[in-house]
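In: I need the structure of the sequence given here:
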Amino acid sequence: MRRAKTDDRGVGAIRIELYHDLNAAVEEQALDFSIDVGGQVYAAEDLCTKVAKHLRLSALSAYLFALFDTEEGEWLSPDREVSSQNARAATKCLRFRMRFIPAVPKIPSLDPNTLRYLYLQCRHDFVHDKITYRKSKNIGREHLLGLGVIDMVRHGKVYGFNMEKLKNMDPIEFIPVSRLTLNYL
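Out: Numbers count the residues shown, from 1 in each chain. The predicted model follows:
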């Protein structure tokens, strides 16, 4: 069993990981919530609300999100209590994920921050091979590389890269890790 993550005062903490872009500032990558020894208890829904405010998600969109326990491989129910006792027993590493993805026709109606976060979540799942394809079909090499190039161009536009800087980027950061074999590329 791992030791709980603590701050300088020896207080257990809960780490909530966020999806972020490649050049994201450190403060955009994860949030740490310190929990005092006095036994303060957070409901998972309260933690989701704090994260949603931090990300500036609309109030309506915030209800589409939940916390996922990466170690247990399960979703936390909204009323699940997370306390200093839980945090001190083992480091709590939770991930803030959109659990309820709207039907395709409703996706454009999401606020821009929610839409951006959904994209980053899907991008992370794609690059880290967490997406399963119907009927075990593999996506062809050309399709994967095409998605990688599209993501590179998107990334360049977001961060104002010129074409020269874009050409010097490593395409490996934009395709699934399982495809990083010399035979595949």
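
In: which residues does the closest residue to Leu166 other than its chain neighbours contact?
Out: Spatially, and ignoring its direct neighbours in sequence, Leu166 is nearest to Gly156 (4.3 Å; CB to CB, 6 or more residues apart in numbering). The C-beta positions use only the backbone N, C-alpha and C, and glycine is treated the same way. By CB atoms under 8 Å, 6 or more residues apart in numbering, Gly156 lies in contact with 165-166, 169.

In: going on from the helix or strand hosting Gly156, what's the next piece of helix or strand?
Out: Using DSSP states H and E, Gly156 maps to helix 141-158. Note on helix 141-158: by DSSP H and E, the next helix or strand toward the C-terminus is helix 163-167.

In: Tell me the helices and strands packed up against the strand ranked longest in the chain.
Out: When the chain is parsed with DSSP state E, its longest strand is strand 92-98. Applying 3 or more CB pairs under 8 Å, 6 or more residues apart in numbering; DSSP states H and E, one finds that strand 92-98 contacts strand 13-17, helix 44-55, strand 65-69, helix 112-127.

In: and the last one, which residues are buried?
Out: To tie it back to what came earlier, the one meant is helix 112-127. Residues 114, 116-118, 120-121, 123, 126-127 are the ones in helix 112-127 that count as buried (16 or more other CB atoms under 10 Å).

In: One more: stretch 59-67?
Out: For stretch 59-67, by 16+ other CB under 10 Å, it's 61-67.

In: Dump those residues to a markdown table, plus distance to Met98 and pLDDT.
Out: Formatted as a markdown table, the buried residues of stretch 59-67 follow (distance: CB to CB, whole Å; pLDDT from 0 to 100):
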| residue | distance to Met98 | pLDDT |
| --- | --- | --- |
| Ser61 | 8 | 90 |
| Ala62 | 10 | 90 |
| Tyr63 | 10 | 90 |
| Leu64 | 5 | 92 |
| Phe65 | 5 | 94 |
| Ala66 | 8 | 95 |
| Leu67 | 12 | 93 |
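
In: Take those residues and lay them out in JSON lines including distance to Glu17.
Out: Listed next are the buried residues of stretch 59-67 as JSON lines, based on distance: CB to CB, whole Å:
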{"residue": "Ser61", "distance to Glu17": "19"}
{"residue": "Ala62", "distance to Glu17": "17"}
{"residue": "Tyr63", "distance to Glu17": "20"}
{"residue": "Leu64", "distance to Glu17": "18"}
{"residue": "Phe65", "distance to Glu17": "13"}
{"residue": "Ala66", "distance to Glu17": "13"}
{"residue": "Leu67", "distance to Glu17": "10"}
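
In: From Glu72, how far off is Ile172?
Out: Counting by CB to CB, to the nearest Å, the gap from Ile172 to Glu72 is 31 Å.
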